[in-house]
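Undergrad: Here is a sequence with its predicted model. Questions after.
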Amino acid sequence: MATRLSVGLLLLALTLPVSAAKEPAPPGSERVRVGLALIDVVVQDRSDQPVPGLTRADFEIRVDGRRVEPSEIERFEQICSAPEGTSPVSSASGPPALRHIVLYLDFSQMTLPGRQRVLQAAREHFAKGLDPSDRVMIVTHKNDLKVIQDFTADGSVLAARLDGLQDDASTLDTDVLEESQNIADVAKSSPDPRSLARKHAAKEANRAERSLRALEAFAASLSDLPGRKALVLATDVLRDEPGLQYLALAKTTPQAVGISIAEEIRQAIQEANAAGVSIYTVHAGGRPDDPHGVGLADKLQEMHSAIASGEASALTIERTLAKETGGRALLRNRDPAGVLALAQRDLSCYYLLGYRYRGRGDNKRHSLDVRLGPESRNRAGGSLTARHRPHFTDALVADRKRMMVHALVAPALYRALPVTGEAFALAPTKEGRRVLIRATVPIESLSMVPLDSSSVEGRTMVRGEVSQDGDAVFRFAQDVLQPRVPKSQKDARLVYQTGCILAPGNYTLTVAMMDRRTTAIGTRQVKITVPSADTRSDPYMSDVQIWARDPGALVVTVGTETIGVKESVGDVSFIPRAERRITRNQEAFFSFHLCPPTGSAATPEKPIQVRQTLKSEPGLVVPGFQFRDLSITKPLDGGTLCYELSSPLPAGRMASGIYSLTVEATGPVLGSPIMRRAALAVD
């Protein structure tokens, strides 16, 4: 999947630019580009069965009401999957006739009954087996996107994955589970329920925005797959007017209080259309639990009305997403898996039409109408219907920043570059810990431009964020011009470093790096823990960190002044290592932070003594080398209220092996002695 879904140029709104004017436009003129608009069309009879065998002459295309001339229809293909027991075929060279279907379970927008119904129905559907042409993927979204199963034709594997989800309580969203109680709380909040209603509505709107951004990013990641793709979206509390059920009780609306997700809906639809993704929606559950509570008898009718308005809002967005992408909406239905059968049927045979158009990149929607000619419609008693996306957007190729946004939302899908991400907790401050953030990519995976006979350079875009419980607490972005790299240096790596101050706790670090020339993107998402350094009453000594000079690292350090690290570009500098491991001849030093209790500091009369010892595996002091004992009498660092201590390691004087490093600090201001031990590997 990492190779198949690596992202190149994302195409917006059915447009596939194939050429552009190479000569500059005359002054005052508007640049016009020529593109090929691709439209997938499903033709069905009155029994809802696909109709094969049509020709180019059977179709008419109208854009903004204007009929497209037959000469402008440049591409025509009938794409049909194979009957059961045979191999997939296509009527023309081009997209393979496989049915790519994604079961997209948005658990952040699904009630408990809806979750149970969808998982059970989908499991039973897949357990019956798949046709040879089917390729099905399972994706979930709660706080982030997860690929539970990559595309497979094995129904038993899909059923097993769904069994695992049924037993996974972590997929439950407590905000959704508490909706019924929240409605009761709003109804009881008198005389003015508006404040509480707005609070719950704003929280729901934030959750809906996350869901739509995730859906948009995932749809964009499917753009490399050929042909039409079906995304089966299971939700039941994703609403086009978030919080409507709460605000109705307060006699107001989301629009009146400034809540709108119209732009997020538009962007999700545009990206789905651009990637050839048709959305099939299924209303997973039913109405939320009936409201209940003491003292609510006179409010029950009003509450039921509010709940009904919320359900209507959910059905509206399901209809919109399906209609605007050429899919279908399965609303109140006893069998949620029926939407999977609809998607399979629609993908079993469809037509791909491409017409040449002259666009201006105005980013506006243009109506799209594909009709069957009179003779074609009458072939089956006038009952043939053609279904497709009702519009396209004449947009420019997606800009690089937008591609990077998608990568941060769906990092598991963007692995074209082998990117790594790391974070290092440095000195403590009053606000938290100084944290150094690092993203690394091998130079050989980037496209480099020759500068001269001996060196090359390139350009890379870096974006990332640190988030906690789904909310970004720190973001960074940089366009990096890589320093000159000798052609002979095969193991070179681009190392981007930045930093921030984080409170102690658990976080998620997501980094994305893009090759500016090829637009290949690599992402990495890792969990990080920022340890506490509470010095209010007890002394504190940090873990020992190893910093080493790495000749293969081309280091770009930006935005690190707030954490006490000097900014630099291109220096082969000392950088922290994730593990305490160096080579025999590598220049390195170790560092740590020593923090006395609050209000205490070393003085000439009351110094802090620090003893450092390095022993080899048998327990012997390293021959010919000893660390100098330190006597600290200077004031504390004003920013951290700690001492930052470091000592060089003896390059070239240690044999390969495992060593034990011991640091012990004593002194009246510390009270009892404080000690740290750390292992060091030398290769």
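TA: That came through, no problem.
Undergrad: Only C-alpha atoms from now on, for both contacts and neighbour counts.
TA: OK.
Undergrad: What's opposite residue 657 in the beta bridge?
TA: On the basis of DSSP bridges, residue 657 is bridged to residue 682.
Undergrad: just checking, it touches residue 683?
TA: Yes - using Cα atoms under 8 Å, residue 657 is in contact with residue 683, at 6.6 Å.
Undergrad: Start and end of stretch 466-485, how far apart?
TA: End-to-end distance for stretch 466-485, by Cα to Cα, to the nearest Å: 30 Å.
Undergrad: try stretch 577-592
TA: End-to-end distance (Cα to Cα), stretch 577-592: 14 Å.
Undergrad: Please identify the buried residues of that stretch?
TA: 577, 580-584, 586-592 (16 or more other Cα atoms under 10 Å).
Undergrad: and the two most separated of those?
TA: Spatial extent of those (Cα to Cα) is set by the pair 584 and 592 at 21.8 Å.
Undergrad: Residue 171 and residue 142 touch, don't they?
TA: Yes - the criterion here is Cα under 8 Å, and residue 171 meets it with residue 142 at 6.8 Å.
Undergrad: which residues do these two both contact?
TA: residue 107 (Cα atoms under 8 Å, 6 or more residues apart in numbering).
Undergrad: what does stretch 401-410 rub up against?
TA: Counting by Cα under 8 Å, 6+ apart, 10, 144-145, 213-214, 216-218, 220, 413-414, 463-465, 510-514, 521, 523 sit against stretch 401-410.
Undergrad: wait, stretch 163-174
TA: With Cα under 8 Å, 6+ apart, stretch 163-174 has contacts from 107-110, 112, 116, 119, 123, 142.
Undergrad: end-to-end on it?
TA: Using Cα to Cα, one end of stretch 163-174 lies 21 Å from the other.
Undergrad: How far off centre is that stretch?
TA: Relative to its parent chain, stretch 163-174 has a centroid offset of 20 Å by Cα atoms, centre = their mean, to the nearest Å.
Undergrad: Just give me how far the longest helix seen in the chain sits from the chain centre.
TA: Longest helix in the chain, counting residues (DSSP state H): helix 194-221. Centroid separation between helix 194-221 and its chain, computed with Cα atoms, centre = their mean, is 15 Å.
Undergrad: Give the rounded mean pLDDT of it.
TA: Taken as a whole, helix 194-221 has a mean pLDDT of 94.
Undergrad: packing partners for it?
TA: Applying 3 or more Cα pairs under 8 Å, 6 or more residues apart in numbering; DSSP states H and E, we find helix 194-221 packed against helix 179-188, helix 244-249, helix 262-274, helix 400-409.
Undergrad: Can you point out the buried residues in it?
TA: For helix 194-221, by 16+ other Cα under 10 Å, it's 194, 196-198, 200-202, 204-205, 207-221.
Undergrad: Packing partners of the helix or strand following that helix?
TA: As assigned by DSSP states H and E, the chain's next helix or strand after helix 194-221 is strand 229-235. Secondary-structure packing of strand 229-235 (3+ Cα pairs under 8 Å, 6+ apart): strand 99-106, strand 277-283, helix 338-348.
Undergrad: rerun that using 7 Å as the cut-off
TA: strand 99-106, strand 277-283 (3 or more Cα pairs under 7 Å, 6 or more residues apart in numbering; DSSP states H and E).
Undergrad: For residue 676, find the nearest of those strands.
TA: Per Cα to Cα, nearest to residue 676 of the helices and strands packed on strand 229-235: strand 99-106, 46.3 Å.
Undergrad: Okay, angle between that closest one and helix 338-348 too, please.
TA: Strand 99-106 runs at 150 degrees relative to helix 338-348, counting by axes from the mean of the first three to the mean of the last three Cα atoms, to 10 degrees.
Undergrad: helix or strand for residue 316, which one?
TA: Counting by DSSP H and E, residue 316 is found in helix 300-324.
Undergrad: so residue 518 is in which element?
TA: Counting by DSSP H and E, residue 518 is part of no helix or strand.
Undergrad: Let's verify residue 626: helix, strand, or coil?
TA: coil (DSSP: H, G, I helix; E, B strand; the rest coil).
Undergrad: So for it, what's the nearest residue that isn't a sequence neighbour?
TA: residue 613 (7.1 Å; Cα to Cα, 6 or more residues apart in numbering).
Undergrad: So that neighbour versus residue 77, what's the distance?
TA: Residue 613 is 75 Å from residue 77, by Cα to Cα.
Undergrad: So for the two, which sits in the more crowded spot?
TA: residue 77 (20 against 17; other Cα atoms under 10 Å).
Undergrad: who does that one bridge with?
TA: Bridge pairing for residue 77 - DSSP bridges - gives residue 352.
Undergrad: when you give positions from now on, start the count at 46
TA: Sure, I'll start numbering at 46, so the last one becomes residue 122.
Undergrad: Residue 396 is in contact with that one, correct?
TA: Yes - using Cα atoms under 7 Å, residue 122 and residue 396 qualify as a contacting pair, with a distance of 5.6 Å.
Undergrad: before we move on, back to that, buried stuff in the helix or strand containing the residue nearest to residue 671?
TA: Taking DSSP H and E as the definition, one finds residue 658 inside strand 653-661. Residues of strand 653-661 classed as buried: 653-655, 657-661 (neighbour count, 16+ other Cα under 10 Å).
Undergrad: and if you look at stretch 161-168?
TA: Buried-residue list, stretch 161-168, by 16+ other Cα under 10 Å: 162-168.
Undergrad: and which of those residues is nearest residue 600?
TA: residue 164 (47.7 Å).
Undergrad: Residue 351 and residue 293 touch, don't they?
TA: Yes - counting by Cα under 7 Å, residue 293 is a contact partner of residue 351 at 5.7 Å.
Undergrad: Need the per-residue pLDDT for the residue lying farthest from the centre of the chain.
TA: Distance to the chain centre peaks in the chain at residue 650, reaching 56.1 Å (criterion: Cα atoms, centre = their mean). We have a pLDDT of 91 for residue 650.
Undergrad: quick one, phi/psi of it?
TA: phi -80, psi -30 (degrees, to the nearest 10).
Undergrad: so how far is residue 235 from it?
TA: 66 Å.
Undergrad: What number of residues are in the vicinity of the closest residue in space to residue 661 that isn't next to it in sequence?
TA: Nearest residue to residue 661, sequence neighbours excluded (Cα to Cα, 6+ apart): residue 704, at 4.5 Å. Using other Cα under 10 Å, residue 704 is surrounded by 22 other residues.
Undergrad: tell me the contacts of residue 704?
TA: With contact set as Cα atoms under 7 Å, 6 or more residues apart in numbering, residue 704 has these partners: 659-662, 724-726.
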